[in-house]
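Undergrad: need a structure here:
(2 chains)
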Protein chains: 2
Amino acid sequence: MTARICLALMILISTNAFAQAIPQDVKDQAAALRDAAMLGSVAYEVVESLTMEVGPRSAGSAGDAAAVKWGVEKLTSLGFKNVHTDEVEVPHWDRGTLDARIKTPYPQQMVATSLGGSAGTPHEGIEADVVRVESLAELRELNSEQVAGRIAYVDHVMERLKTGGGYKTASRIRSCGHVIAAERGALATVIRSAGTSSHRVAHTGSMRANDMPGIIPAIALANSDADILTYAIESGEPVRFRLQSTARDLPRAMSANVVGEVPGVGDLADEVVILAAHLDSWDLGTGAIDDGAGIAIITAAAKLILDTGDSPRRTIRVVFYANEEFGLSGAKQYSLDHEGSIEKHVIGMEADFGPGRVWKFSSRVAEDSLDIIDELYTLLEPIGVEERGDNEAGGGADLTPLRKAGMPVFGFSQDGSYYFDYHHTADDTLDKISRDDLNQNVAAYVTATYVAANIERDFGRLPVDESERTCAAEFD
Amino acid sequence: MTARICLALMILISTNAFAQAIPQDVKDQAAALRDAAMLGSVAYEVVESLTMEVGPRSAGSAGDAAAVKWGVEKLTSLGFKNVHTDEVEVPHWDRGTLDARIKTPYPQQMVATSLGGSAGTPHEGIEADVVRVESLAELRELNSEQVAGRIAYVDHVMERLKTGGGYKTASRIRSCGHVIAAERGALATVIRSAGTSSHRVAHTGSMRANDMPGIIPAIALANSDADILTYAIESGEPVRFRLQSTARDLPRAMSANVVGEVPGVGDLADEVVILAAHLDSWDLGTGAIDDGAGIAIITAAAKLILDTGDSPRRTIRVVFYANEEFGLSGAKQYSLDHEGSIEKHVIGMEADFGPGRVWKFSSRVAEDSLDIIDELYTLLEPIGVEERGDNEAGGGADLTPLRKAGMPVFGFSQDGSYYFDYHHTADDTLDKISRDDLNQNVAAYVTATYVAANIERDFGRLPVDESERTCAAEFD
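TA: Sure, this is the predicted structure:
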């Protein structure tokens, strides 16, 4: 055999191997579903129904219970199979009321909101001088003498990025600022909202405490109000700040993961392609972008496959997770409930970044499955997925326990330029969602779901990951 | 004299007449001031100081008193002459608290605000069925049987226009909807906000009552919340709505018009060029665009002339009016205070439409003064004032009494595309203002002010107008 023939053979083999990662008939059907999704789906109607008929649905609230009921009815009426709930115990924190204001030198009422898990104040409130820093690093450099008996104000302006990447620093301040402040004797923490909104809405979100109760009261100011506080501090006069909050923990409550399936048929039917989104929302908005959009995207994607009338080879499982926002209760419970069948979850994908268009497709799969990802990506390119990402996808918060246990994940990066204008604020309402953007997401999810559920090969397993996120770890 | 020579003479005469409407030296100095203003002025610092150090300042409130003090100090420190206050009695309405929610079929808390002058509800609140209309005309077509004992919901979506013209219909609903509803026995009025914001902020503003107290409770829903209510109504189920409000009238209070001057020198020194803006704001925002921007524009324009060191021929009078928002108290008082010298007010100009760029210059002057306006317009064209308007300018709310008494006015039409996203909402904060836009306004005002204060000719008088705006008149 000459070198030339050898080379030709190698090209032929590699080309064949490439062509066979996803069989042509699967590709054709995936493309047809993708194109149908671009023209329309039930996505918008799903998020409209959830936000208008249920609205806010924070863990343990009446809205949470209403959402579970809604989820069962919606999946049932859409024709999903094996629709059921799996009970989940959730924390039940109540925001109560908040009054926050600058007392001197320039008295002004603040638009502010308590952070999720915040303690309330004594009935008479807390009034103290303010010490301002711009980062957690700066806060850590302060000693007790500089902080004790004062209100610690972390004034970090979140960066607007297409990736949403500015949220990493901003949310760490929200999650962990209170720990550093409390260690130094602060009476309360005030942060600039971990969001990019220039509107008069403050941004909530959980304080990480790894099941510790919130130690001190912690609130976020709307960006415009942080501007006012910063101006007062820059005047050079001592700034007195007052807050009064009735935030508190209530007894833990019962909620549920809501599940529906498009059952697989045949030898791979016990394997699961899991589509995840979370049913809970924060209490300030109606949870349209977080995560009504995700609920809508995964439901509409699975519904398109259901409506073909042809059963997939693997079971497609849609899971509306309970309480993502305040501790991933549903995600943790799901792993407990499926302890014996974790390895049957061949791939997971989660929609939890609003309705922005998918512009990058990444993965975290076994190395020898990357040819499938490459080929799948070619199916996504025509709908504007312009970038092939790496193999380091996170996979979404609710899928974290499954991913850490070895389940591969897909990652759909959505345009997050405006997501943090609305996220976790009262502004998270239906009017922020475009039908067309939602349908492009559905198109991406249905393509990936159809392929994953119908090819012979799977995506291998990931190494087990036993790391834990804590505030202490964040500072190292 | 041949016909040819005659024509040449006529052209010469008409050209001369045109050239002489504004003397060249006045034009040159006006242009220099205009160009200086484009490069910078005290405008931004003025609105920053007012919004950050005083903040909300609704008539009769502590903020109102603080604003009067601020105004005197600011005009004094900037070097204005004859700085003083003229006392004005103002109504003092207190918004109190408001809880508004849909009870059935889909319980949801509403983001809403009481309209200025609204009555409160009984302590236990008002709960009733909702009858929805899309216009005042439609509401007028309903009879008592259809409205009595119910809550009237006027669901008009305000149009976004560069002129801000969509506010005409929307604000009429806010001003007068309660009158029609009350006549038919409604328990309360709910309107969709008279604004274009897609954010979770509701729009307040006065209910017209010609000094009648608000008859029934009246509230506005944020646009997103109006969407929720409309969705509930369109479900076909009966909609129960509940509101509970502690809005109330307090005893009338004292405020003041704040005045500062650049005194004229010479034979025309007793004539006044009046620059108007209002010092009060609604209570929800910090009054940056309404009307901190106006205060900043007129102050900065007059300050530029003051800083030349050359006295104008006419006196330039800057007036920060008290309580424009809730009944034009300051404007009415000014006319009483200056009853004997109304005719000395040769021209008025008011800035009360935020910081949007001036794109049209119009007037309301005596016909034989229009050549001055034409020539003045040529001085404004270079800064982007692209349209020469008509001679029907309104002149601004605070100048209404003077205009009706015969004072000519200038009209600077600003770009209002986004004004009603913020106007009368909590979102009216400093971050909505661009320095450059503000400076372009200052440039327009300083040009017009300098010319009006320094030319020999005046603008004549307007016919006296004794019409009165009432809700009854609106419906005819």
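
Undergrad: residue boundaries of the strands in the stretch 51-200 of chain A?
TA: Using DSSP state E, counting those that start in this stretch, the strands found in the stretch 51-200 of chain A span residues A:81-94, A:98-104, A:108-109, A:112-114, A:126-133, A:151-154, A:188-192.

Undergrad: mind listing what's buried in the fifth one?
TA: When you say that, I think you mean strand A:126-133. A:I126, A:E127, A:A128, A:V130, A:V131, A:R132, A:V133 (16 or more other CB atoms under 10 Å in any protein chain shown). All C-beta atoms are positioned from the backbone trio N, CA, C, and that covers glycine.

Undergrad: is the first one in a bridge, and if so with what?
TA: The residues listed as beta-bridge partners of A:I126 by DSSP bridges are A:L243.

Undergrad: wait, what's in contact with it?
TA: Contacts for A:I126 were tallied using CB atoms under 8 Å, 6 or more residues apart in numbering or on different chains; they are A:I151, A:L187, A:A188, A:P217, A:R242, A:L243, A:Q244.

Undergrad: around chain B, which positions in the stretch 251-400 of chain A sit nearby?
TA: Applying CB under 8 Å from any CB of the partner chain, one finds that the stretch 251-400 of chain A approaches chain B through A:G285, A:T286.

Undergrad: make that the stretch 1-150 of chain A, sorry
TA: A:48, A:52-56, A:62, A:105-109, A:111.

Undergrad: look up how far chain B lies from A:S255.
TA: Computed as CB to the nearest CB, to the nearest Å, the A:S255 to chain B distance reads 18 Å.

Undergrad: how about the nearest residue to that residue, chain neighbours excluded?
TA: Leaving aside its chain neighbours, A:S255 sits nearest to A:A322 (4.2 Å; criterion: CB to CB, 6 or more residues apart in numbering or on different chains).

Undergrad: wait, isn't the one you found in contact with A:G330?
TA: Yes: counting by CB atoms under 8 Å, A:A322 does reach A:G330; the two are 3.4 Å apart.

Undergrad: and for the two, which residues touch both?
TA: A:V88, A:V90, A:S255, A:A256, A:N257, A:H278, A:L279, A:D280.

Undergrad: show me those that map onto strands.
TA: A:V88, A:V90, A:S255, A:A256, A:N257, A:H278 (DSSP state E).

Undergrad: check contacts around the residue nearest to A:S255.
TA: Residues near A:A322 by CB under 8 Å, 6+ apart: A:59, A:64, A:68, A:88, A:90, A:255-257, A:278-280, A:329-330, A:333.

Undergrad: and for A:P56?
TA: A:G63, A:S281, A:W282, A:D283, A:L284, A:G285, A:T286, A:G287, B:Q108, B:Q109.

Undergrad: go again using 10 Å as the cut-off
TA: Neighbouring residues of A:P56 by CB atoms under 10 Å, 6 or more residues apart in numbering or on different chains: A:62-64, A:66-67, A:280-287, A:426, A:428, B:108-109.

Undergrad: now do A:A182
TA: A:A119, A:V147, A:A152, A:A188, A:T189, A:G214, A:I215, A:I216, A:A218.

Undergrad: could you identify the most distant pair in the contacts of A:A322?
TA: Put simply, by CB to CB the two of these set farthest apart are A:D64 and A:Q333, 14.2 Å from each other.

Undergrad: who has more neighbours, those two?
TA: Set A:D64 next to A:Q333 and count neighbours by other CB atoms under 10 Å in any protein chain shown: A:D64 wins out with 25 against 22.

Undergrad: from chain B, how far out is the more buried one?
TA: Using CB to the nearest CB, A:D64 is found at 13 Å from chain B.

Undergrad: please apply the same query to A:V46.
TA: Computed as CB to the nearest CB, the A:V46 to chain B distance reads 14 Å.

Undergrad: so that residue touches A:K74, yeah?
TA: Yes: judged on CB atoms under 10 Å, A:V46 makes contact with A:K74 at a distance of 6.6 Å.

Undergrad: between the two, what contacts are shared?
TA: Common neighbours of A:V46 and A:K74 (criterion: CB under 10 Å, 6+ apart): A:I295, A:T299.

Undergrad: contacts only, for A:A67.
TA: Shown in contact with A:A67 (CB under 10 Å, 6+ apart): A:50, A:53-58, A:61, A:74, A:255-256, A:258, A:279-281, A:287, A:292, A:295, A:320, A:322.

Undergrad: A:Y106 against A:V239, yeah?
TA: Yes: with contact defined as CB under 10 Å, A:Y106 counts as touching A:V239 (8.7 Å).

Undergrad: residues shared between the contacts of the two?
TA: Contacts common to A:Y106 and A:V239, judged by CB under 10 Å, 6+ apart, are A:L229, A:Y231, A:A232.

Undergrad: may I ask which helix or strand encompasses the first one?
TA: Which is A:L229. helix A:223-234 (DSSP states H and E).

Undergrad: any chance you could map the helices in the stretch 301-450 of chain A?
TA: Ranges of helices in the stretch 301-450 of chain A, per DSSP state H, counting those that start in this stretch, are A:329-337, A:370-380, A:400-404, A:419-422, A:435-454.

Undergrad: just put these in JSON lines and tack on mean pLDDT.
TA: Shown next, in JSON lines, are the helices of the stretch 301-450 of chain A (pLDDT from 0 to 100):
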{"stretch": "helix A:329-337", "mean pLDDT": "98"}
{"stretch": "helix A:370-380", "mean pLDDT": "98"}
{"stretch": "helix A:400-404", "mean pLDDT": "97"}
{"stretch": "helix A:419-422", "mean pLDDT": "96"}
{"stretch": "helix A:435-454", "mean pLDDT": "98"}
